[in-house]
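# Quick one, fold the following:
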Amino acid sequence: QVQLVESGGGLVQAGGSLRLSCVASGSIFSINTMGWYRQAPGKQRELVASISSGGMTNYADSVKGRFTISRDNVQNTMYLQMNTLKPEDTAVYYCNAKGRSPASWARYDSWGQGTQVTVSS
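Numbers count the residues shown, from 1 in each chain. The predicted structure follows:
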């Protein structure tokens with residue numbers, strides 16, 4: 001299992017930028033895919049972007065061209081650079097890691113505590 005801690009959220013005006021960070025600890029070598037999800041009030045949690053251990057990325061259509069996900073395997077940190085933010089990007093953003101336990105080979109799905117991003121119009 002891994003532990004995840006997000007940071008970097010805050011209040012920004014529409015058109016502004018923020019960078020979220022997620023630091024992983026624990027069995028980090030067992031991580032396969034990491035990703036950012038978000039959940040707005042009254043809505044389901046949705047995938048924003050993901051990145052595999054090999055660096056392949058995937059983005060939600062709503063953020064393509066504005067957000068960039070990256071991963072620093074030396075620093076055990078994942079980032080989400082968010083540019084040209086819109087009010088509809090307002091949500092709690094969660095860091096996620098998926099992998100297999102080195103002891104049991106069972107799949108795991110770890111989550112951070114979330115960080116609030118608020119975009120004002």
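
# Mind listing what's buried along stretch 46-61?
Neighbour counts over stretch 46-61 (16 or more other CB atoms under 10 Å) mark 48, 49, 50, 51, 59 as buried. Just so you know, the C-beta spots here come from the backbone N, C-alpha and C atoms, and that holds for glycine as well.

# now what about it, what contacts it?
Residues from elsewhere that reach stretch 46-61, judged by CB atoms under 8 Å, 6 or more residues apart in numbering: 31-39, 63, 67, 69-71, 73, 78, 80, 93.

# Narrow those to those that are buried.
Among the contacts of stretch 46-61, those classed as buried by neighbour count (16+ other CB under 10 Å) are 31, 33-38, 63, 67, 69, 71, 78, 80, 93.

# Show me which pair in these is furthest apart.
For the buried ones among the contacts of stretch 46-61, the farthest-apart pair by CB to CB is 31 and 63; their separation is 22.1 Å.

# Please, where are all the helices along this protein?
Assigned helices in the chain: none (criterion: DSSP state H).

# check contacts around the residue nearest to the spatial centre of it.
When CA atoms, centre = their mean is applied to the chain, the residue found nearest the centroid is residue 36 (2.3 Å). Residue 36 makes contact with 20, 22, 47-50, 69, 78, 80, 93-96, according to CB under 8 Å, 6+ apart.

# who's it bridged to?
The partner list for residue 36 in beta bridges (DSSP bridges) reads residue 49, residue 95.

# quick one: it from residue 114, how far?
Taking CB to CB, to the nearest Å as the measure, residue 36 and residue 114 are separated by 11 Å.

# Can you work out which residues contact both of the two?
Counting by CB under 8 Å, 6+ apart, the shared contacts of residue 36 and residue 114 are 93, 94.

# How about residues contacting stretch 65-84?
Outside of stretch 65-84, the residues within contact range by CB under 8 Å, 6+ apart are 15, 17-25, 28, 34-36, 48-51, 53, 55, 57, 59, 63, 85, 89, 93, 95, 117.
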